[in-house]
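1. with the sequence up front, the predicted model follows.
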2 protein chains.
Amino acid sequence: MELLKEKIRQEGIVLAGGVLKVDTFLNHQVDAGLMMEMGQAFAELFGEAGVTKIMTVESSGIAPAVMAAYRMGLPMVFARKRKSLTMQTDLYTEKVYSYTKQEESEVTVSKKFLEQGDRVLIIDDFLANGEAALGMARIVQQAGAEVAGIGIVIEKSFQAGRGKLIEQGYRVESLARIASLDDGKVTFV
Amino acid sequence: MELLKEKIRQEGIVLAGGVLKVDTFLNHQVDAGLMMEMGQAFAELFGEAGVTKIMTVESSGIAPAVMAAYRMGLPMVFARKRKSLTMQTDLYTEKVYSYTKQEESEVTVSKKFLEQGDRVLIIDDFLANGEAALGMARIVQQAGAEVAGIGIVIEKSFQAGRGKLIEQGYRVESLARIASLDDGKVTFV
């Protein structure tokens, strides 16, 4: 998606350790018009995949996922990273390790929002080591539902995530694929 | 907003302690079409208020806030509830107590996303005791910016939040105002 790549070129900041900071338009400040374009791009990529539900994980996945849900006319569910008081029972839960935050968290989805027969499009802001996407995919499997595809905003193609997801048979579509962040420079695939 | 009230009547579940569960369309599963209608409603309510930026707090505020931002053609910033690795310095921080979760958290916004002269529309999913909205308003003040208004999806009008915000001179617009959740029944204002 050229518009996104242009935005990354202009505003992305490469930090030490292979971290790309995109907080001016994606994960702190949010460019709503760009989010809608992303939603449209996901709708076009997965329009024929028989998707019944869109799933993401709080918080940075919510904006692109809700736009995809809007464009596709589907409900969206965001997995919670910790349990809230009103969500105590009947949960699907998976442990997910975040390399960026160097901590393990639990992602949870209420059982009533995933059914056998659902075909789920998983959307996330970043794909690096694939832990979050794999955790969500395991939740979909727990529910007896199917992963219809995985839609990623920014893929770090130099990390292992894409390979792991493909290996498990998932279709992965990323709006921007980054080959390298070496020398403080963003190089796309 | 009639569509929202109808949705609350049909799908809202009243729990003990004055908790209204709306996880089928707002804060776990999300009805993207309804979010867009909410965004439009906020755009109409605050269209003449000279808003330059929309602000919310993760996670449940993001979907309605990004739709309002889309309809108003403005950037949205979501405050973080805890610091991430890429957000360590130059932060505005305020402590916010959540009665629902019975815990204090810190909400933080990167200084670069709020400027003197900004007129900020604060959007949140619920208004109960007003702690989250007041915390965001204090962040806006820290930045030397102004609160242009506060847009709420569901207001519990039987709690103190609205009064506290009005007392401080803020304009509060809520899409649904609940007078009572007594006897397990939702009664609107």
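-> Right, received. Where do you want to start?
2. contacts and neighbour counts: CA atoms only from here.
-> OK.
3. in the helix ranked longest in chain A, what's buried?
-> Scanning chain A for the helix with the most residues, using DSSP state H, yields helix A:32-46. Of the residues in helix A:32-46, A:32-43, A:46 count as buried by neighbour count, 16 or more other C-alpha atoms under 10 Å in any protein chain shown.
4. could you find the closest non-adjacent residue to the residue nearest to the spatial centre of chain A?
-> With distances taken as C-alpha atoms, centre = their mean, A:Asp124 lies nearest the centre of chain A, 1.0 Å away. Counting by C-alpha to C-alpha, 6 or more residues apart in numbering or on different chains, A:Gly61 is the residue found nearest to A:Asp124 once chain neighbours are left out, at 4.7 Å.
5. I'd say the one you found and A:Ile122 touch.
-> No: with contact defined as C-alpha atoms under 8 Å, A:Gly61 does not reach A:Ile122; the gap is 9.6 Å.
6. neighbour-wise, which of these two wins?
-> Higher neighbour count among A:Gly61 and A:Ile122: A:Ile122, with 29 against 23, using other C-alpha atoms under 10 Å in any protein chain shown.
7. looks to me like that one is in a strand.
-> Yes: under DSSP: H, G, I helix; E, B strand; the rest coil, A:Ile122 sits within a strand.
8. beta partners of it?
-> Beta-bridge partners recorded for A:Ile122 (DSSP bridges): A:Met55, A:Ile150.
9. ok, the residue nearest to the centre of chain A - contacts?
-> A:56-57, A:60-61, A:64-65, A:133, A:151-153 (C-alpha atoms under 8 Å, 6 or more residues apart in numbering or on different chains).
10. return the residues of chain A in contact with chain B.
-> Applying C-alpha under 8 Å from any C-alpha of the partner chain, we find that chain A lies next to chain B at A:21, A:24, A:28-33, A:36, A:58-59, A:62-63, A:66-67, A:69-70, A:73-80, A:84-86, A:100-101, A:109, A:113.
11. just the ones of these in helices?
-> Using DSSP H, A:32-33, A:36, A:62-63, A:66-67, A:69-70 are the members of the residues of chain A next to chain B that sit in helices.
12. okay, those residues in TSV with pLDDT next?
-> Output for these, formatted as TSV (pLDDT from 0 to 100):
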residue	pLDDT
A:Ala32	98
A:Gly33	98
A:Met36	98
A:Ile62	98
A:Ala63	98
A:Val66	98
A:Met67	98
A:Ala69	98
A:Tyr70	98
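13. what stretches of chain A score poorly on pLDDT?
-> Counting by pLDDT under 70, the low-confidence segments of chain A come to A:83-88.
14. mind redoing it with 50?
-> Scanning chain A for pLDDT under 50 picks out A:84.
15. can you give me the strands in it?
-> Using DSSP state E, the strands of chain A run over residues A:13-15, A:19-21, A:29-30, A:53-57, A:76-79, A:91-98, A:103-110, A:119-127, A:146-156, A:172-180, A:187-188.
16. that older thread, who wins on neighbours among the contacts of A:Asp124?
-> Within those, neighbour counts (other C-alpha under 10 Å) peak at A:Ala65, which reaches 35 neighbours.
17. now the farthest one out in chain A, which residue is it?
-> Residue farthest from the centre of chain A, counting by C-alpha atoms, centre = their mean, is A:Asp183 at 26.4 Å.
18. could I get the buried residue list for stretch A:136-153?
-> The neighbour-count criterion (16+ other C-alpha under 10 Å) identifies A:136-140, A:142-143, A:145-153 as the buried residues of stretch A:136-153.
19. mind checking the end-to-end distance for it?
-> Stretch A:136-153 stretches 16 Å from its first residue to its last (C-alpha to C-alpha, to the nearest Å).
20. what sits up against it?
-> For stretch A:136-153, the surrounding residues in contact (C-alpha under 8 Å, 6+ apart) are A:38, A:42, A:46, A:49-51, A:55-57, A:64, A:79, A:92-94, A:107, A:109, A:111, A:114-127, A:133, A:170-176.
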